[in-house]
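Asks: My questions are about this predicted structure, shown below with the sequence.
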Amino acid sequence: MRKPADKTERMTHALRENGVRVTRQREALLRVLSEAGDHPDAAELHRRAQAVDDSLSLATVYRTLTVLEREGVVHRHSFETGGARFEVADPSHHDHIVDVDSGEIIEFHNERIEELQRQIAAEMGYEIVHHRLELYCRKK
C-alpha cells in the first residue's frame, strides 16, 4: 500500500490535470482521504476534513470526489449495507468483507480465489479485465 503522501500527490495531480484548483479546503480533504484506514462515506470525510479546515463545504467534498473517481485515483464502493463509501485506489488488488452487524469493512487478498476466478473465466472463454468481490459476513 502506498504512503499517505504519495496518495495525496496522486490526487493533487489528478485535480490539477482537470483544471480544479487545489485550495486549502481540498488539501484538508485529500489529507483525510489519504490517511483513512477505513472506507468513509462523503459525510464522514466532510466531518473529518472540517476538523482540519472548518470552511470546507459538503458540496466541495462531492465535487472533488467526482473528479477523483472519474480519474481512477479514488474508488467508490456501494456496499449493500449503506451509501457510497470511498477509498484511494491502490495498484494492489484486494477484495472486501463487510461485517453485516457492525458495518466494518475489511480488506483482504487471497490468491486461491483470484486463480479460481481466472480459471472459471478461461473455461468459459473469457479473460478477466476487472472484478470486485464483496463478502457479507457475520462473526461466529
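Replies: Yes, it's here. Residues are numbered from 1 along each chain as shown.

Asks: hey, what's the closest residue to Ala84 other than its chain neighbours bridged with?
Replies: The shortest distance from Ala84 to any non-neighbouring residue, by CB to CB, 6 or more residues apart in numbering, is to Arg76 (5.1 Å). Using the backbone N, CA and C atoms, a C-beta is placed for each residue, glycine as well. Beta-bridge partners recorded for Arg76 (DSSP bridges): Phe86.

Asks: who's in contact with Arg76?
Replies: For Arg76, the contact set (CB atoms under 8 Å, 6 or more residues apart in numbering) comprises Leu65, Glu69, Ala84, Arg85, Phe86.

Asks: what do you get for Arg16?
Replies: Applying CB under 8 Å, 6+ apart to Arg16 gives the contacts Val22.

Asks: Tell me the buried residues in the helix or strand where it lies?
Replies: Using DSSP states H and E, Arg16 sits within helix 4-17. Across helix 4-17, burial judged by 16 or more other CB atoms under 10 Å covers Pro4, Lys7, Thr8, Arg10, Met11, Thr12, Ala14, Leu15.

Asks: Do you know the pLDDT at the residue nearest to Ala84?
Replies: For Arg76, the pLDDT comes out at 89.

Asks: With Arg118 instead?
Replies: In the predicted model, Arg118 carries a pLDDT score of 94.

Asks: Also Glu87?
Replies: Predicted confidence (pLDDT) at Glu87: the value is 87.

Asks: Show me what the helix or strand harbouring Val32 is packed against.
Replies: Using DSSP H and E, Val32 sits within helix 24-35. Counting contacts by 3 or more CB pairs under 8 Å, 6 or more residues apart in numbering; DSSP states H and E, helix 24-35 is packed against helix 4-17, helix 42-50, helix 58-70, strand 85-88.

Asks: and His96, what does it touch?
Replies: By CB under 8 Å, 6+ apart, the neighbours of His96 are His39, His77, Phe79, Ile105, Ile106, Glu107, Phe108, Leu133, Glu134, Leu135.

Asks: ok, now Cys137?
Replies: The contact partners of Cys137, by CB under 8 Å, 6+ apart, come to Ile97, Val98, Asp99, Val100.
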